[in-house]
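**Student:** following is a predicted model, sequence given first.
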Amino acid sequence: MFIKRTHHASPVFKTETSMLKRFALAPVAALLLSTLANAQATQPASESQPGESTPPRLTIEQCVAMALDKNFDLRIQRIDTESAVNTLEIARAEYDPSFSANANRSYSRSDLYGAGNASGTHETDASVSVSQKIITGATLQLGYAASRRDYSGPSSSTPVFDPAWGSGLTLRVTQPLLKNFGSTVNKATIERARLSIDRSNYDLKSTVLSTIRSVEDAYYNLDFVRARLEVRKFSLEVAQKLLEENKMRRQVGTATNLDVLQAEVGVATAQRDIIVAQKAVNDAEDALLSLINPFQFEAAIGPLAVSKIDDVSVSFARSYKLARDNSPSLASTRLAIKQSEIDLAVAKRNRLPQLDLVGAAGYDATRGTFGRAFNQTLSQDDHDWSVGATLTYPWGRRRERANLANAKASLDSLQVGYEQLDQNVLVQVRTAVRSVQTSDEGVRITTLATKLSEQQYELEKARYDQGLSTFRRVQEAKEDYDTARLAEIDARVNLRLALAELARLETTSLNRYNVQLGE
């Protein structure tokens, strides 16, 4: 879009008004030249100095590859994924067998009847056991115990075996019947951990897509500011050329001091614009380096390889289907809903009272030697068994009811959040498709505008050379031309960024840069 300028008649430079303009511009030009001289003295040089080798061309594919290898966010996400794997191992470890051993020695003395009839017993016990939890919630424990008892006291109270060796083999089973019963409850921790790994992988995918998008932003922005710097340099060359021409015209009497002064202001303004543009280039280079080569800000970035976009064709239906089918955020939220459904099932089961069935069976024997006691145990002649139940009922069950209410609320919240996220994907795709279409049209219009502005500038310059126009009009035409060139560059960058955003939503940028994510 152009703003049409209204031109006035050529001023008569010998009038009082012309003299006031001349004296008003003189200090402005001096101030600009002085400021620019100081700024250039402190400005770091980013261009290659004579004798220095030019850095190799840098492609967007190379930048993406380096960023995926060194980006901080990705490194953090990889660590989080490894932590999720460790969490699954922790959950599975609950069903690993556990071994325990115990040894104890004690002494007891009793003087039941007095008169020096005290008796004493030295007892040594040792036991080993292996326990295993199974998926129904039951705990199995197999244990073996051995003991020795030495008696000292009146002979009338001496036991049959002194010392007495005991040996026993016992199997004990504890099975919850209400609370904590069933595979759903007891596999919940493992299933949640497994889903967490899948969610971490989707989060990693999302981080990769965001990293690619950030690299594309930084890369194309650097290309934009470099192109803008070239426009500013070209503008300075034109301004310097106009200044030289005006000086020559003044010598032959076809230009005034005001024309020369205006040209000097134009040169100073162009130099100022170059300094600002150079700073933008340096900032953009740092932004790209922070993504692809952290802490190496002294590295030089060579020419960029930005290909031309020939044809743009987008379809909302296709883009929305790709985005909805492959969105890592939607997939991660679906898994979060599954986790919440598991939590709800556990909360429903665990609101019941705790009723445990406890059963035990074993073989034991007592003999005068350990060998005889052990053999008697293996012969299975002496045995015992027991069956019982334990009921625990929390008064009021406030915790159980609150846990169930929280589980329901969490599931409802995730389901509503999923609907919101689904709508956000729809809106984002619609916006991205429109941005691509608008930017593509913007490139076409600004390209035409640049050509027209160039022709207008050349025409105004030719009229000025023939004495049919003023230098002010030439400067305005030149400014219009510069503005049109910058608008065209900006439109092309906006198109690339719009395509990059659409590719991020579709997740097709993974295929473009050949990024493979391991399961």
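**Tutor:** Structure received. Residues are numbered from 1 along each chain as shown.
**Student:** going forward, measure contacts between C-alpha atoms and count neighbours the same way
**Tutor:** Will do.
**Student:** so what are the domain limits for this structure?
**Tutor:** Here the domain assignment for the chain is 56-81+193-337+413-512, 101-133+138-179+355-392, based on automatic domain parsing.
**Student:** so of these, which one's packed in deepest?
**Tutor:** Highest mean neighbour count of these: domain 56-81+193-337+413-512, a mean of 18 (counted as mean count of other CA atoms under 10 Å).
**Student:** got the end-to-end distance for that domain?
**Tutor:** End-to-end distance for domain 56-81+193-337+413-512: 23 Å, by CA to CA, to the nearest Å.
**Student:** what is the mean pLDDT for it?
**Tutor:** The predicted model assigns domain 56-81+193-337+413-512 a mean pLDDT of 88.
**Student:** looking at the domains of the chain, which is nearest to residue 346?
**Tutor:** Closest to residue 346 of those is domain 101-133+138-179+355-392 (CA to CA; 9.1 Å).
**Student:** quick one: average pLDDT of that closest one?
**Tutor:** Averaging pLDDT along domain 101-133+138-179+355-392 gives 84.
**Student:** before we move on, back to that, out of the domains of the chain, nearest to residue 407?
**Tutor:** Judging these by CA to CA, what sits closest to residue 407 is domain 56-81+193-337+413-512, at 9.9 Å.
**Student:** which SS class is residue 387?
**Tutor:** Put simply, residue 387 is strand when judged by DSSP: H, G, I helix; E, B strand; the rest coil.
**Student:** excluding its backbone neighbours, what's nearest it?
**Tutor:** Using CA to CA, 6 or more residues apart in numbering and skipping residues adjacent in sequence, the residue nearest residue 387 is residue 359, 4.3 Å away.
**Student:** got a list of what residue 166 touches?
**Tutor:** Contacts for residue 166 (CA atoms under 8 Å, 6 or more residues apart in numbering) come out as 145, 146, 147, 148, 364, 365, 366, 367, 370, 373, 374.
**Student:** and if we set it to 7 Å?
**Tutor:** Taking CA atoms under 7 Å, 6 or more residues apart in numbering as the criterion, residue 166 is in contact with 146, 147, 148, 365, 366, 367, 373.
**Student:** can you map out the helices along the stretch 351-500 of the chain?
**Tutor:** With DSSP state H, counting those that start in this stretch as the criterion, the stretch 351-500 of the chain has helices at 370-379, 398-465, 471-506.
**Student:** got TSV for these, with distance to residue 386 too?
**Tutor:** Output for those, formatted as TSV (distance: least, CA to CA, whole Å):
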stretch	distance to residue 386
helix 370-379	18
helix 398-465	31
helix 471-506	64
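**Student:** ok, back up a step: and the contacts of residue 166, which is closest to residue 309?
**Tutor:** Checking the contacts of residue 166 against residue 309 with CA to CA, the nearest one is residue 146 at 84.8 Å.
**Student:** ok so that closest one is a strand residue?
**Tutor:** Yes - assessed with three-state DSSP, residue 146 lies in a strand.
**Student:** ok, back up a step: quick one: which of the helices of the stretch 351-500 of the chain is nearest residue 323?
**Tutor:** Across those, residue 323 has its closest neighbour in helix 471-506 (4.2 Å, CA to CA).
**Student:** show the pLDDT at residue 21.
**Tutor:** In this model, residue 21 is scored at 36, pLDDT.
**Student:** and the gap between the residue nearest to residue 463 when sequence neighbours are not counted and residue 91?
**Tutor:** Nearest residue to residue 463, sequence neighbours excluded (CA to CA, 6+ apart): residue 469, at 5.5 Å. In this view, residue 469 and residue 91 are 85 Å apart by CA to CA.
**Student:** residue 185: which of the domains of the chain is closest?
**Tutor:** Short answer: domain 101-133+138-179+355-392, nearest of the domains of the chain by CA to CA, at 8.9 Å.
**Student:** what helix or strand is the residue nearest in space to the middle of the chain located in?
**Tutor:** In the chain, the centroid-proximal residue (CA atoms, centre = their mean) is residue 207; its distance is 3.9 Å. Under the criterion DSSP states H and E, the helix or strand holding residue 207 is helix 188-252.
**Student:** could you tell me the angle between that helix and helix 398-465?
**Tutor:** Between helix 188-252 and helix 398-465, the angle comes out at 20 degrees (axes from the mean of the first three to the mean of the last three CA atoms, to 10 degrees).
**Student:** I'd like the next helix or strand past helix 188-252.
**Tutor:** Downstream of helix 188-252, the next assigned helix or strand under DSSP H and E is helix 257-292.
**Student:** which SSE is immediately downstream of that following helix?
**Tutor:** For helix 257-292, the following helix or strand on the C-terminal side (DSSP H and E) is helix 316-326.
**Student:** how much space is there between the residue nearest to residue 463 and residue 462?
**Tutor:** According to CA to CA, residue 469 stands 9 Å off from residue 462.
**Student:** check residue 452 too.
**Tutor:** With distances taken as CA to CA, residue 452 is found 15 Å from residue 462.
**Student:** residue 428 now?
**Tutor:** 49 Å.
**Student:** same check, this time on residue 511
**Tutor:** Noted for residue 511: a distance of 52 Å to residue 462, by CA to CA.
**Student:** quick revisit: pretty sure the residue nearest to residue 387 contacts residue 389?
**Tutor:** No - using CA atoms under 7 Å, residue 359 is not in contact with residue 389, being 8.4 Å away.
**Student:** follow-up on the earlier one: can I get the domains of the chain in TSV with distance to residue 405?
**Tutor:** Output for the domains of the chain, formatted as TSV (distance: least, CA to CA, whole Å):
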stretch	distance to residue 405
domain 56-81+193-337+413-512	12
domain 101-133+138-179+355-392	17
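**Student:** out of these, which gets nearest to residue 349?
**Tutor:** Among these, the nearest to residue 349 by CA to CA is domain 101-133+138-179+355-392 (5.9 Å).
**Student:** show the end-to-end separation of that closest one, please.
**Tutor:** End-to-end distance for domain 101-133+138-179+355-392, by CA to CA: 29 Å.
**Student:** how about the secondary structure of residue 173?
**Tutor:** The local conformation at residue 173, judged by three-state DSSP, is strand.
**Student:** quick one: closest of the helices of the stretch 351-500 of the chain to residue 289.
**Tutor:** With CA to CA, the closest approach to residue 289 among the helices of the stretch 351-500 of the chain belongs to helix 471-506: 18.8 Å.
**Student:** next, the angle from that closest one to helix 188-252.
**Tutor:** 170 degrees.
**Student:** so after helix 471-506, what's the next helix or strand?
**Tutor:** Counting by DSSP H and E, the next helix or strand C-terminal to helix 471-506 is helix 509-512.
**Student:** ok, residues contacting that following helix?
**Tutor:** With CA under 7 Å, 6+ apart as the test, helix 509-512 has contacts from residue 503.
**Student:** swap in stretch 89-109?
**Tutor:** With CA under 7 Å, 6+ apart as the test, stretch 89-109 has contacts from 118-134, 189-190.
**Student:** looking at those, which are in helices?
**Tutor:** With DSSP state H as the criterion, helices contain 189, 190 from among the contacts of stretch 89-109.
**Student:** which of the contacts of stretch 89-109 fall in strands?
**Tutor:** In strands, defined here by DSSP state E, the members of the contacts of stretch 89-109 are 119-133.
**Student:** touching, residue 225 and residue 280? I think so.
**Tutor:** Yes - the criterion here is CA under 7 Å, and residue 225 meets it with residue 280 at 6.3 Å.
**Student:** and the gap between residue 493 and residue 425?
**Tutor:** Using CA to CA, residue 493 is found at 24 Å from residue 425.
**Student:** got the CA coordinates for stretch 284-298 in PDB?
**Tutor:** Listed next in PDB are the C-alpha coordinates belonging to stretch 284-298 (Å, rounded to 0.1, in the frame of the first residue of the first chain):
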ATOM      1  CA  ALA A 284      20.300 -11.500  14.600                       C
ATOM      2  CA  GLU A 285      23.600 -13.400  14.300                       C
ATOM      3  CA  ASP A 286      23.700 -13.800  18.100                       C
ATOM      4  CA  ALA A 287      20.200 -15.100  18.200                       C
ATOM      5  CA  LEU A 288      21.000 -17.700  15.600                       C
ATOM      6  CA  LEU A 289      24.300 -18.700  17.300                       C
ATOM      7  CA  SER A 290      22.500 -19.100  20.600                       C
ATOM      8  CA  LEU A 291      20.500 -21.800  19.100                       C
ATOM      9  CA  ILE A 292      23.000 -23.700  17.000                       C
ATOM     10  CA  ASN A 293      26.300 -23.000  18.800                       C
ATOM     11  CA  PRO A 294      25.800 -21.900  22.400                       C
ATOM     12  CA  PHE A 295      28.400 -19.700  24.000                       C
ATOM     13  CA  GLN A 296      30.400 -19.400  20.700                       C
ATOM     14  CA  PHE A 297      29.300 -15.900  19.800                       C
ATOM     15  CA  GLU A 298      32.600 -15.000  18.200                       C
END
